[in-house]
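>>> 3D, please:
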Amino acid sequence: MCRGSEGDAELGRVLVWEDDLWRLTTSVQSEVPGFSYLEPKRHIPHITDLEGPEAASLGTVLGRVTRVLREEAGTNLVYLFVFGGGVPHLHIHLAPHRDGDALNDQMIKGELVTRKLPSGAEEIISKDYPPLPEAELRRVAERVRDRLR
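Sure thing, here's the model as predicted:
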């Protein structure tokens, strides 16, 4: 993280919304439609370091983007995950969820494998739930982008 938009393509994400404080990217390489990442533009290492205008706006931003993600991904709920152990920049995983999909309260189901990215970063994927077609994921990302304008 902390790379802003320069890391989006490598991580399989597209920018769908931003304001002065926050940016929301949606994955186009995912096991579920609408899987997104909310991160502050300013460097904030962990959720426990959140203060100032980002802290004041987080609830409003989360409410807005999760409503749109839920509606556009066609789900009844959006899981939020904040891990903070591997990347020293706050990012909140927003995971639209429906019964029977790849996600559970452990984030992803099935046999997990680690894949190296060109940058050396690692991506965790499920052998049992391959990524959905990129075109489908891009359509959801575009609808989210349109709704958040």
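>>> for the longest helix anywhere in the chain, packing partners?
The single longest helix within the chain, with elements called by DSSP state H, is helix 52-73. Applying 3 or more CB pairs under 8 Å, 6 or more residues apart in numbering; DSSP states H and E, one finds that helix 52-73 contacts strand 22-27, strand 36-40, strand 77-81, strand 92-97, helix 134-148. All C-beta atoms are positioned from the backbone trio N, CA, C, and that covers glycine.
>>> distance of the residue of the chain positioned farthest from its centre relative to P40?
With CA atoms, centre = their mean as the measure, the chain has its most outlying C-alpha, relative to the mean C-alpha position, at G52: 22.7 Å. The spacing between G52 and P40, counted by CB to CB, to the nearest Å, is 10 Å.
>>> any shared contact partners between those two?
Residues touching both G52 and P40 (CB atoms under 8 Å, 6 or more residues apart in numbering): none.
>>> how many neighbours does the nearest residue to P40 once chain neighbours are set aside have?
Nearest non-adjacent residue to P40, counting by CB to CB, 6 or more residues apart in numbering: E54, 4.8 Å away. Neighbour count for E54, taken as other CB atoms under 10 Å: 18.
>>> what does the average pLDDT come to for stretch 69-76?
Average pLDDT, stretch 69-76: 95.
>>> could I have the CA atoms of that stretch written out in PDB?
Written as PDB, here are the backbone C-alpha positions of stretch 69-76 (Å, rounded to 0.1, in the frame of the first residue of the first chain):
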ATOM      1  CA  LEU A  69     -21.500  -2.500  -3.000                       C
ATOM      2  CA  ARG A  70     -24.300  -4.500  -1.400                       C
ATOM      3  CA  GLU A  71     -26.800  -3.400  -4.000                       C
ATOM      4  CA  GLU A  72     -24.500  -3.600  -7.000                       C
ATOM      5  CA  ALA A  73     -23.100  -7.000  -6.100                       C
ATOM      6  CA  GLY A  74     -26.600  -8.300  -5.300                       C
ATOM      7  CA  THR A  75     -25.900  -9.400  -1.700                       C
ATOM      8  CA  ASN A  76     -27.500  -8.800   1.600                       C
END
